[in-house]
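In: only geometry, no sequence info:
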């Protein structure tokens, strides 16, 4: 029982910060870029979330569930940045 609870806490502790970083990066890119320059900066934000994911996974020093935690972090950040790209594209069409 304790192992399942620990895995759940570890999963949340290593995925939520990555998703939050992707969201903050997308908001910063949306507020600071003009035109279609967001298409240059959002992939860089994705690259930074990949690095953050691996840093967090190495910091946990826990090999059980590594692939699941990594895929959950990266999939979540990809979804966040994909939605941000769609929103910025729609905002660019209306401007």
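Out: Okay, I see it. Keep in mind the model is a prediction, meaning the values are calculated, not measured. Numbering: from 1, shown residues only.
In: What residues does the spatially most central residue of the chain make contact with?
Out: Per CA atoms, centre = their mean, the C-alpha nearest to the average position across the chain is that of residue 77, at 2.7 Å. Going by CB atoms under 8 Å, 6 or more residues apart in numbering, residue 77 touches 18-19, 21-22, 46, 49-50, 53. C-beta: built from backbone N, CA, C; applies to glycine.
In: now, which of the residues you listed lie within helices?
Out: 18-19, 21-22, 46, 49-50, 53 (DSSP state H).
In: buried residues in the one helix or strand residue 73 maps to?
Out: Residue 73 belongs to helix 66-94 when assigned by DSSP states H and E. Across helix 66-94, burial judged by 16 or more other CB atoms under 10 Å covers 69-70, 72-74, 76-77, 80-81, 84-85, 88.
In: now it: how far from the chain's centre is it?
Out: 7 Å (CA atoms, centre = their mean, to the nearest Å).
In: What spatial separation is found between the nearest residue to residue 11 once chain neighbours are set aside and residue 42?
Out: Sequence neighbours aside, residue 69 is the residue nearest to residue 11 in space, at 5.5 Å (criterion: CB to CB, 6 or more residues apart in numbering). Using CB to CB, to the nearest Å, residue 69 is found at 23 Å from residue 42.
In: same question, residue 74
Out: Residue 74 is 15 Å from residue 42, by CB to CB.
In: returning to what we had before: which of the ones in helices among the contacts of residue 77 count as buried?
Out: Applying a neighbour-count criterion of 16+ other CB under 10 Å, the buried members of the ones in helices among the contacts of residue 77 are 18-19, 21-22, 46, 49-50, 53.
In: which among those gets closest to residue 33?
Out: residue 46 (15.1 Å; CB to CB).
In: show me what contacts the nearest residue to residue 78 once chain neighbours are set aside?
Out: Among residues not flanking residue 78 along the chain, residue 46 sits closest, at 6.8 Å (CB to CB, 6+ apart). By CB under 8 Å, 6+ apart, residue 46 lies in contact with 22, 77-78, 81.
In: on that earlier part again, does the residue nearest to residue 11 touch residue 15 like I think?
Out: Yes - Residue 69 lies in contact with residue 15 (CB atoms under 8 Å); the separation is 6.5 Å.
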